[in-house]
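Asker: Generate coordinates for the sequence data below:
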Amino acid sequence: MKLRSTIAIAVSSLILVALPNAAVADSGKPGQSMTHMKTAAGVASTLEAAGVILYVQGGATSAVIGEDVSAATSQVVFHIPVTANKAGVQHVGSNIIFFNTANNKYLTLKNPVIDLAKGVVSATVPQAGDAKVDVLTITNASTAKPKITNDKKAKQRTTAYAGTTLVLAPGVAATIASVLGLPAGSLPDGLAFGTADVTLYSKLK
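Answerer: A predicted model of the protein is given here:
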């Protein structure tokens, strides 16, 4: 258990990990916006118990909040750069990885797209023939309201969504378990995954 925790911390360190509870690392320039995602307490330890670590790669950073990933209250937190698109925002070049340390199998959620209108987060999954899959459901998408701040001096608009809640979409838990070679039922369907804050910077016309 300690070995897997050490591996998780080492991987996270190599990916330049960091993310506080509040969104403080956003760039203040248009086009350089950020998603802050934090797993629910218990998810990291549930995965750790199955020998699985969770991290991000490709322009994103991740870290562990808590004593270690096996602690019941520990959380994995991400800083992920995003760009706007028609559906919402996309994590261009950033991937979320589930890695099984026991057999070196992994599942990649490539370039996730947050679509608040549909209430889902979709991603391309290379292990499923590059299919685009709804991987997370946003349970409070219909009530999520942005806080908009206009800085006329800087000619910049900040649009911030805080506290969107995420659960694994139907069938995703079973898919993760299957790809990683875990026993059936290792991850519960509809597992509460965590929360996300999205901050977008744009030019103020």
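Asker: can you map out the strands along this protein?
Answerer: Under the criterion DSSP state E, strands of the chain are mapped to 33-39, 52-57, 61-65, 75-84, 89-90, 95-100, 106-115, 120-125, 131-138, 147-151, 156-168, 192-203.
Asker: mind giving me CSV with the ones you listed and columns for mean neighbour count?
Answerer: The C-beta positions use only the backbone N, C-alpha and C, and glycine is treated the same way. Output for the strands of the chain, formatted as CSV (neighbours: other CB atoms under 10 Å):
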stretch, mean neighbour count
strand 33-39, 23
strand 52-57, 23
strand 61-65, 22
strand 75-84, 22
strand 89-90, 23
strand 95-100, 21
strand 106-115, 21
strand 120-125, 21
strand 131-138, 19
strand 147-151, 11
strand 156-168, 18
strand 192-203, 19
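Asker: and the ones you listed as CSV, adding distance to residue 185?
Answerer: As requested, those are exported to CSV (distance: least, CB to CB, whole Å):
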stretch, distance to residue 185
strand 33-39, 20
strand 52-57, 14
strand 61-65, 26
strand 75-84, 22
strand 89-90, 32
strand 95-100, 16
strand 106-115, 17
strand 120-125, 21
strand 131-138, 19
strand 147-151, 40
strand 156-168, 14
strand 192-203, 17
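Asker: where among these is the average confidence lowest?
Answerer: Of all these, mean pLDDT reaches its minimum on strand 89-90 (a mean of 74).
Asker: follow-up on the earlier one: so which of the strands of the chain is nearest residue 186?
Answerer: Closest approach to residue 186 among these is made by strand 52-57 (8.7 Å; CB to CB).
Asker: what pairs with the closest one, and is each one parallel or antiparallel?
Answerer: strand 95-100 (antiparallel) (DSSP bridges).
Asker: by how many degrees do the partner strand and strand 106-115 diverge?
Answerer: With axes from the mean of the first three to the mean of the last three CA atoms, to 10 degrees as the basis, strand 95-100 and strand 106-115 are set at 150 degrees to each other.
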